[in-house]
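Peer 1: curious how this folds, go ahead:
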Amino acid sequence: MSISTNESPIVAIAQKRSFEVNGQFIKRHTPLVRRLDDYEIGAVALNGAEDHLGDGMFSRHYEFGKDQHTLTSSNEPVHVDAALDITGGIAKYAPDVSALNPLGVRNIVLSKQAQFETLRPDLGEAVPETAIAKATSESVMATIDQMTAHSFIVKPANAFQEKRAMPVGTRDQIALKIDDFLKDMDPEKDAVIVQELMPEIRSDFAKGLRFFDNSEREKADSARNTNLELRVLMSDETPKLVTGRLAADPEKDNRGRIVYFDQNSIPSHVYDLATKAARLIRLRADAVDSVLAVDLTPDGSRIVEVNGRNIGTIRPIAGHEATNHASKIMTDTTAQKLAQMAHNKRGA
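Peer 2: Numbering: from 1, shown residues only. Below you'll find the predicted structure:
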């Protein structure tokens, strides 16, 4: 039976791109599709919201093959109950579908300034001092002069521009770097975030944390004296997985590497701070469904930022036990959340 006529709830994995040429998409999301099947939930891929007809209907979709290594395009209409909304088109343009993450949550996590305004009143100095400036050197330097911090990092306000070297340092150091950073930005349309640089990013991981195994410990040892972060992956307000980020140096490589921990060793204060942040975002967004990554300083004392794009999946790697363990945790978490959303949409 075609999935487009299936009476079971259907979840879409939605993003704006051509799936026929994107093998990484299939590799990353096949475990989620399999887990959704365990919940008797059908899964399709959608090319953004451009085929949206209204009332949860889309004019075309992509079906996962039985071996789940292929995607087949179908021009049959399909009714979608919930979506893992990778690029935000469902939340923004198809409000009749339950999106993970919903628009209110996405708007907050895509803006460092909105995060600051949401979190700082309740969490105080656990949230770095943050301000927005026009994409001109004059505006950036004037903004720095109004802040109380001693060192700064300047970031694009548009999250999709973040994969670039970012100026870091004191006021005088920023002044030497800012023109080069801004050279391809539009001073009329673009903005930048000026944020306090937290010395805690150079501290050690929180006391008591144990690594998943010796290979993860060796990976972390090789990154000593570099920038470190803890990432707490949240389903709504429940912490599900804590990982470490190594050498996330904004002046060199903004992506960093991931290190995995024994989840039984996570200190309670790490969970507590991430949970408070997720709750404040939920309340401000007036939302109930979210999967968020709350990034903390390595000691777990302060919030670096909160992310909400394509958080719910970790691609498994053959022979890598730590990654595969983390992948299973987040696959189960995301599948359970999407299945719940789909059933709620159906009124089941």
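
Peer 1: quick check: residue 269 touching residue 300?
Peer 2: Yes. If you go by CB atoms under 8 Å, residue 269 and residue 300 touch, sitting 5.6 Å apart. In this view, the C-beta of every residue, glycine as well, is placed from N, C-alpha and C.

Peer 1: neighbour count winner among these two?
Peer 2: Just comparing residue 269 and residue 300: by other CB atoms under 10 Å the higher neighbour count belongs to residue 300, 25 against 13.

Peer 1: quick one: common contacting residues for residue 269 and residue 300?
Peer 2: Common neighbours of residue 269 and residue 300, counting by CB atoms under 8 Å, 6 or more residues apart in numbering, are residue 206.

Peer 1: got the buried residues for the strand or helix carrying residue 194?
Peer 2: Following DSSP states H and E, one finds residue 194 within strand 191-196. Neighbour counts over strand 191-196 (16 or more other CB atoms under 10 Å) mark 191, 192, 193, 194, 195, 196 as buried.

Peer 1: and the very next helix or strand once past that strand, what does it pack against?
Peer 2: Per DSSP H and E, strand 191-196 leads on to helix 214-221 as the next helix or strand towards the C-terminus. On a contact count with 3 or more CB pairs under 8 Å, 6 or more residues apart in numbering; DSSP states H and E, helix 214-221 meets strand 238-246, strand 257-260.

Peer 1: which parts of the first one are buried?
Peer 2: Okay, so that is strand 238-246. Neighbour counts using 16+ other CB under 10 Å place 239, 240, 241, 242, 243, 244, 245, 246 of strand 238-246 among the buried residues.

Peer 1: between the residues you listed, which is closest to residue 308?
Peer 2: When the buried residues of strand 238-246 are compared for distance to residue 308 (CB to CB), residue 240 wins out at 14.3 Å.

Peer 1: not counting its neighbours along the chain, what's nearest that closest one?
Peer 2: residue 333 (4.7 Å; CB to CB, 6 or more residues apart in numbering).

Peer 1: which strands and helices sit next to the host helix or strand of the one you found?
Peer 2: Using DSSP H and E, residue 333 sits in helix 321-346. Under the contact definition 3+ CB pairs under 8 Å, 6+ apart, helix 321-346 sits against strand 10-15, helix 23-38, strand 82-85, strand 98-100, strand 228-235, strand 238-246, strand 257-260, strand 291-296.

Peer 1: tilt between the second one and helix 321-346?
Peer 2: Going back to what we said before, that points to helix 23-38. Between the axes of helix 23-38 and helix 321-346, defined by axes from the mean of the first three to the mean of the last three CA atoms, to 10 degrees, the angle is 60 degrees.

Peer 1: how far out from the middle of the chain is helix 23-38?
Peer 2: 18 Å (CA atoms, centre = their mean, to the nearest Å).

Peer 1: likewise stretch 178-187?
Peer 2: Relative to its chain's centre, stretch 178-187 lies at 26 Å (CA atoms, centre = their mean).

Peer 1: mean confidence score for that stretch?
Peer 2: In this model, stretch 178-187 has an average pLDDT of 94.

Peer 1: circling back to that earlier point, now the buried residues of strand 238-246 as CSV including pLDDT and distance to residue 207?
Peer 2: Formatted as CSV, the buried residues of strand 238-246 follow (pLDDT from 0 to 100; distance: CB to CB, whole Å):
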residue, pLDDT, distance to residue 207
239, 97, 18
240, 97, 22
241, 97, 20
242, 98, 14
243, 97, 18
244, 95, 14
245, 90, 18
246, 88, 18
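
Peer 1: residue 221: which of those residues is nearest?
Peer 2: residue 246 (10.1 Å).

Peer 1: you'd agree that closest one is up against residue 225?
Peer 2: No. In this structure residue 246 lies outside contact range of residue 225 using CB under 8 Å: 11.2 Å.

Peer 1: domains for this structure, by residue range?
Peer 2: What automatic domain parsing lists as the domains of the chain is 3-100+329-346, 129-197, 200-307.

Peer 1: could I get these as TSV with distance to residue 323?
Peer 2: Listed next are the domains of the chain as TSV, based on distance: least, CB to CB, whole Å:
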stretch	distance to residue 323
domain 3-100+329-346	11
domain 129-197	22
domain 200-307	7
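
Peer 1: between the ones you listed, which gets nearest to residue 119?
Peer 2: Between the domains of the chain, domain 200-307 lies closest to residue 119; by CB to CB that is 5.6 Å.

Peer 1: kindly check the end-to-end length of the closest one for me.
Peer 2: Between the opening and closing residues of domain 200-307 we find a distance of 19 Å, counting by CA to CA, to the nearest Å.

Peer 1: kind regards, and thank you for your time.
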